[in-house]
Structure formats: C-alpha cells, structure tokens
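Trainee: Generate a structure from the sequence data that follows.
(one chain, ligands or ions: 1)
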Amino acid sequence: MQFKDIVGQEQVKQRLIKSVKDGRMPHAQLFTGPEGTGKLALAIAYAQYISCQKKGDDDSCGACPSCHKFMKLIHPDLHFVFPIVLSEKKSDGDDDKGPSGKLSDAFLIQWREVLLSNPYITETDWYQMIGAENKQGIIGTTESSDVIRKLSLKSYESDYKTMIIWLPERMNQSAANKLLKLIEEPPVNTIFLLISENPTQLLKTILSRTQIIKVPPIHRESIAIALVDRYQINPAKANELSRVSNGSFQKAISLISAETDTQFFALFRQLMRCCYANDVLGLLDWVNEMTSLGREQQKEMLTESLRLLRESLMLNLDLEDISYLAGEEVDFGKKFSPFINRTNIYQIFNEFNLAIDHISRNGNPNIIFTDMSMKLIKLINKNP
Ligand SMILES: [Zn+2]
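Mentor: Residues are numbered from 1 along each chain as shown. A predicted model of the protein is given here:
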C-alpha cells in the first residue's frame, strides 16, 4: 500500500512522512477517526514507507524488494492483530482464551485478500467475510502472548518491526494489560500502530502512552475525484455521492455498488419485458443503453443477468426455497419465471455466456447486444 493509493488525507500523510524523515517515529501511535476514512490503509502505507529501501520525498518507491512484499502484505516484519470470531460449533465458549485459543493468524489469508481488495473495510464487513454476522469479535489473551513471542524475535529484513493492531478496543482485559506492558517496555526497533474507532474504550494507561494521529473525514473533493478516477463515475454523480458519503470512502463505495445492482436489475427487466412482448424497438433502446456502459460494466450486467435467470428458473421449477431473489426481484421473478423453462434455459444461458465472451474479446458491443437480443426474443417465446 502506498500513500498515493489512499484517498485524500494529505495532512496526515505529510505528518507521517515527516516523522520518518526526522527519524522521530513514536514507538506507539494511535490512529483514530470515523469509519471509512482510511486509518488502516494509512498505517500500512506508513509501515511500508518506513521499511522502503528507496524512499521518495512523498511516498515509498513501490518497486524495491521490501515494497513488493508490503504490497502483498507478506513482509516478515509486518504483523497484524485483529478481532476474530469463530462459528458456534467450533467455539469452546471460553472467551477469555480467545475463541478456541485461535489467533488472528488463522485468518491471515482472508485478511490479506480483503485488505488488498478494499483497505477501507469496516468491522461489520470483516465479520461478514469470516462468516460471523451479528457477532462481536474479540482479541483474546492468547493473541497478546503471540504478539510478545513475535516481537521478541529479531526483525528479519527491515530495521523495524511493525505491529498493526486493528480495533484494540476489542481486546479483553488481560490482553489489554499485556499490550500495555509491551508499550511500556517496548522491544527494540518495534513500532506499534493501533487503529481505533472508539479510543474511549481503551485503557487510559494505553492512551496516555501513545501518540494520537487524528484521521478526519475525507474532503468531499478528494472522494469525488477518486470516484471518477477509480470507478469511472461521471463527475456530477461523483459529487452527489461524495456529499452523501460524509467523508467515508467506504460509504461512497457501498453507495455505488447498491446503485449498480439496481441499474443492472432494471436493464435485465427491460430486456426480458421487450423479449416477451416482441418489442423490437424497445430492444434497440436497450442495446443503446448497454452500449453506453463501459466494457467491464457490460460484463458485470451480463453476469448479474445469469444469476437472475438461474433464480427465475428455480421459481419456475417450484423450488422457491432455493431461489435467492430479493425485494423487487421476487415480484418480477414470479411474473417472468413462466418464460424460463427446461427447453429454453440452456440456450438462453448460452447466449449470455457468448456475449460475455465476445465482450471480453473486444467485440463490437452494438453488434453483440443486437444479435443476442434478437435470439432471445425467439427463445423466450418458445413454449415448452
Ligand atoms: Zn520501496
């Protein structure tokens, strides 16, 4: 993770960079601020900058062996601790030991995957990823013992070891006490970066021994620019989303995905209605709308359509229990499902898959969608 990958937060970045240039990195720092503002991302970028072998004035180089490992989050001197939950079946119920005595490390592969795809992850998102919705994760005592063990080792490749603790407020009492001891008598060349959304829940003694780095809501303009650059959102829409997102990039991203889901569903419904009404002019409008999307979005819409078709088939086969349509989709699915049946479904799937394939190979979208919709008209009106 480089500083340039992080949306806005220029002042925080400058402050962190300056601490490295001046050689005055506090050994325990606490990043606090609202959800979705990039605290975790900033801590990782900071650790990467500290360890980079060819630091620039404003960022790590992104190319040295150390940066390479940081960008995959596999540098041996970068350690993570984060709250975890195990499913009830596996848990031994002894919270004090941490869930089943398990450590964050057991979830490290998922953790890396999640962070690399979205470093703005929220606590709720994380629990969902590890299949523990509606539960509260904890950082148990075994975890702190493991931290002590890891930090007692010499650093492998860097001058510094970095221990990033995400949501230290989830530590139980004894874990927090062990952490306090570590911060009071830190192992040599070790930097603790604590990322907290509720610092008031931390031990006062921990708070008083850390340097506080306040991470404010992200400026609206920075969010809007990032939405245009990274998600190809048109500037007017990006402005609107950045206003509603209240300084949280995570919120802005989730607003986009909710909007695209609705947009894709609307396009799918339009396509299917035109097909079963034999409305060729309507289909040409649909083709125009599809053509105006970017290639990636066209593929996503087709993939989403495959899902909706599969679910509609389930309804048609009276397998309602295993159909996962939600909200508006259910009503539409019920009306539409009679048109999807065993005789046409394979050919319909095939047409969508062919279109995905042709779009991926840079075919002409106008031709691909016109061709596909004309074939669908025939298939949808083919009765069993
Ligand atoms: Zn580097």
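
Trainee: What residue spans form the domains of this structure?
Mentor: 3-216, 222-247, 260-380 (automatic domain parsing).

Trainee: tell me the mean pLDDT for stretch 68-79?
Mentor: Stretch 68-79 shows a mean pLDDT of 95.

Trainee: anything in it near the ion?
Mentor: No: Stretch 68-79 is not in contact with the ion by CB under 5 Å from the ion; minimum separation 7.9 Å. Yep, even glycine has a C-beta here, placed from its N, CA and C like the rest.

Trainee: Going by neighbour count, list what's buried in that stretch.
Mentor: Neighbour-count burial for stretch 68-79, counted by 16 or more other CB atoms under 10 Å, picks out 69-71, 73, 75, 77-79.

Trainee: Does whichever residue of the stretch 201-350 of the chain sits closest to the ion lie in a helix or a strand, and which?
Mentor: Closest to the ion within the stretch 201-350 of the chain is Ile213: 22.0 Å, counting by CB to the ion. Applying DSSP states H and E as the criterion places Ile213 in strand 211-214.

Trainee: what kind of secondary structure is Phe80 in?
Mentor: When classified by DSSP: H, G, I helix; E, B strand; the rest coil, Phe80 comes out as strand.

Trainee: tell me the contacts of it?
Mentor: Phe80 sits next to 73, 104, 108, 111, 163-166 when contact means CB atoms under 8 Å, 6 or more residues apart in numbering.

Trainee: In strands only, show me the residues you listed.
Mentor: 163-166 (DSSP state E).

Trainee: and which of these is nearest Leu151?
Mentor: Met163 (6.4 Å; CB to CB).

Trainee: Next, find the distance separating the closest residue to the closest one other than its chain neighbours from the ion.
Mentor: Spatial nearest neighbour of Met163, chain neighbours left out: His79 (4.7 Å); criterion: CB to CB, 6 or more residues apart in numbering. Using CB to the ion, to the nearest Å, one obtains 19 Å as the distance from His79 to the ion.

Trainee: my guess is Gln232 meets Gly294, correct?
Mentor: Yes: contact criterion CB atoms under 8 Å: Gln232 and Gly294 qualify, at 5.7 Å.

Trainee: For those two, work out which one has more neighbours and name it.
Mentor: Comparing Gln232 with Gly294 by neighbour count (other CB atoms under 10 Å), the higher total belongs to Gln232, at 12 against 9.

Trainee: and that one, how far is that from Leu267?
Mentor: 17 Å (CB to CB, to the nearest Å).

Trainee: got the CA coordinates for the least confident helix or strand in the chain by mean pLDDT in CSV?
Mentor: Lowest by mean pLDDT, DSSP states H and E among the helices and strands of the chain is helix 328-336, with a mean of 79. Extracted in CSV, the C-alpha atoms of helix 328-336 (Å, rounded to 0.1, in the frame of the first residue of the first chain):
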residue,chain,number,x,y,z
GLU,A,328,-38.3,-6.1,-6.3
GLU,A,329,-36.7,-9.1,-7.9
VAL,A,330,-39.1,-11.5,-6.4
ASP,A,331,-42.2,-9.9,-7.9
PHE,A,332,-40.6,-9.7,-11.3
GLY,A,333,-39.2,-13.2,-11.0
LYS,A,334,-42.6,-14.6,-10.3
LYS,A,335,-44.2,-12.9,-13.3
PHE,A,336,-41.3,-13.7,-15.5
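
Trainee: and it, what does it pack onto?
Mentor: For helix 328-336, the packing partners by 3 or more CB pairs under 8 Å, 6 or more residues apart in numbering; DSSP states H and E come out as helix 249-276, helix 295-316.

Trainee: contact partners of that helix?
Mentor: Residues contacting helix 328-336 (CB under 8 Å, 6+ apart): 265, 269, 272, 276, 308, 311-312, 315, 323, 325.

Trainee: Among these, which pair sits farthest apart?
Mentor: Checking those with CB to CB, the most distant pair is Tyr276 and Ser323, at 19.5 Å.

Trainee: quick one: which of these two has more around it?
Mentor: More neighbours surround Ser323 than the other of Tyr276 and Ser323, with 21 against 15 (other CB under 10 Å).

Trainee: Get me the contact residues on this structure for the ion.
Mentor: By CB under 5 Å from the ion, the residues of the chain that approach the ion are 52, 60-61, 64, 67.

Trainee: Output those residues as JSON lines; include the columns neighbour count.
Mentor: As requested, the residues of the chain next to the ion are exported to JSON lines (neighbours: other CB atoms under 10 Å):
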{"residue": "Cys52", "neighbour count": "22"}
{"residue": "Ser60", "neighbour count": "28"}
{"residue": "Cys61", "neighbour count": "15"}
{"residue": "Cys64", "neighbour count": "16"}
{"residue": "Cys67", "neighbour count": "23"}
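
Trainee: Helices - which of the residues you listed land there?
Mentor: Cys67 (DSSP state H).

Trainee: Pull the most distant pair out of the residues of the chain next to the ion.
Mentor: Between any two of the residues of the chain next to the ion (CB to CB), the greatest distance is 8.0 Å, for Ser60 and Cys64.

Trainee: Identify the contacts common to the two.
Mentor: Cys52.

Trainee: circling back to that earlier point, tilt between the least confident helix or strand of the chain and helix 249-276?
Mentor: Relative orientation of helix 328-336 and helix 249-276, computed by axes from the mean of the first three to the mean of the last three CA atoms, to 10 degrees: 10 degrees.

Trainee: Let me see the mean pLDDT of stretch 310-324.
Mentor: Mean per-residue pLDDT for stretch 310-324: 74.

Trainee: If anything else comes up later, I'll come back, but that's it for now.
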